[in-house]
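1. test case, fold it:
(one chain, ligands or ions: 2)
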Amino acid sequence: MIHLKTAEEILIMRAAGRIVAAAHAEARAIVKPGITTAQIDEVVERTIRKHGAIPTFIGYPPNSPHPFPAATTVSINHELVHGIPSPHRVLQEGDIVSIDCAATYKGFVADGGFTMGVGKISPEAQRLIEIGEEALRIGIQHAVLGNETRDIAIAIQTYVERQGCSVIREYTGHGVGRSMHEEPQVPNWWPRGRKQRAWRSYPLQVGMTFALEPMISLGSPKTRVLDDHWTVVMADGALCTWTEHTIAVTDGEPLILTLP
Ligand code: MG
Ligand code: MG
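-> Ligands and ions are numbered 1, 2, ... in the order given. Modelled structure (predicted):
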């Protein structure tokens, strides 16, 4: 079931989103060669708590045998998402790093993140990051009344594949609200032919709030999860990027809730 939010609830989610954006800004400011992924996590957690919010990732999901142990996921190069911060993991010149966090504020969650270069990066890595950001922008542009979740997915996939990159299929965007993961799922691709009958597309409605998070690789779209139960990597070791905003569907332009 999809929980539509009232205007008041969307305002609270906007406040949660500003806190996420503040954490991103603090994280961005310290990213450089020699910094550990644990240091990024410390800055993110401190910023979220300073604003009176709770870092949603800590202990998520509840009742799991392997709850996530930190406020931030930090994923480097061929790591796609869900990297666990560590004091032993040091950023190197030329890496690209994805930083994801969520904040729960007054009972509502906002979820967002970005990928950036560490020091000087290759033109190929820079182009990949820009394709990821553009894919997210295109997805958001399609989050308007009259469209369905399928239209967002197809718009993202079409753009990314035209750039010669692949779209990861095993992870999707998702509804956000009182929980970090609600219905609907919002994929970044859509199956062709008969398979698409098994997929449910949801017409967009005013008050829907969801996270869009295109995940893109320079190689095959296949992923695997490391033995730490969390870190998702590209199976072929290819460079990948990911970027995310929580948005709200309105009767006009979509509202991006995780902007500053
Ligand atoms: Mg996220
Ligand atoms: Mg998310």
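2. burial measure for residue 68, as a count.
-> Residues contacting residue 68 under the criterion other C-beta atoms under 10 Å number 19. Placement of C-beta: from N, CA and C, glycine included.
3. check the secondary structure at it for me.
-> coil (DSSP: H, G, I helix; E, B strand; the rest coil).
4. in the stretch 101-250 of the chain, which residue sits closest to ligand 1?
-> residue 111 (4.1 Å; C-beta to the ion).
5. isn't there a helix covering that residue?
-> No: going by three-state DSSP, the assignment for residue 111 is strand, not a helix.
6. make sure it is actually in contact with residue 244.
-> Yes: counting by C-beta atoms under 8 Å, residue 111 touches residue 244, with 6.5 Å between them.
7. between these two, which contacts overlap?
-> Jointly contacting residue 111 and residue 244 under the rule C-beta atoms under 8 Å, 6 or more residues apart in numbering are 100, 211, 258.
8. quick revisit: please name the nearest non-neighbouring residue to the residue of the stretch 101-250 of the chain closest to ligand 1.
-> Distances taken as C-beta to C-beta, 6 or more residues apart in numbering put residue 102 closest to residue 111, at 4.0 Å, once the chain neighbours are dropped.
9. next up, the contacts around the one you found.
-> With the criterion set at C-beta under 8 Å, 6+ apart, residue 102 makes contact with 20, 55-57, 109-112, 180.
10. just confirm it is within a strand.
-> Yes: in this structure, residue 102 lies within a strand as judged by three-state DSSP.
11. distance of it relative to ligand 2?
-> According to C-beta to the ion, to the nearest Å, residue 102 and ligand 2 sit 7 Å apart.
12. following the helix or strand harbouring residue 137, which helix or strand comes up?
-> Counting by DSSP states H and E, the element that carries residue 137 is helix 123-141. Next in sequence after helix 123-141, counting helices and strands by DSSP H and E, comes helix 149-162.
13. give me the buried positions along that next one.
-> 149-157, 159-160 (16 or more other C-beta atoms under 10 Å).
14. which other helices and strands contact the very next helix or strand once past that helix?
-> As assigned by DSSP H and E, the chain's next helix or strand after helix 149-162 is strand 166-167. When contacts are defined as 3 or more C-beta pairs under 8 Å, 6 or more residues apart in numbering; DSSP states H and E, strand 166-167 packs onto helix 149-162, strand 215-217.
15. tell me which of the ones you listed sits nearest to residue 73.
-> Judged by C-beta to C-beta, the one of those that comes nearest to residue 73 is strand 215-217, at 12.6 Å.
16. give me the contacts around that closest one.
-> Strand 215-217 has contacts (C-beta under 8 Å, 6+ apart) with 80-81, 128, 131-132, 135, 160, 165-168, 171, 188, 234, 238-242.
17. before I go, just wanted to say thanks for your time.
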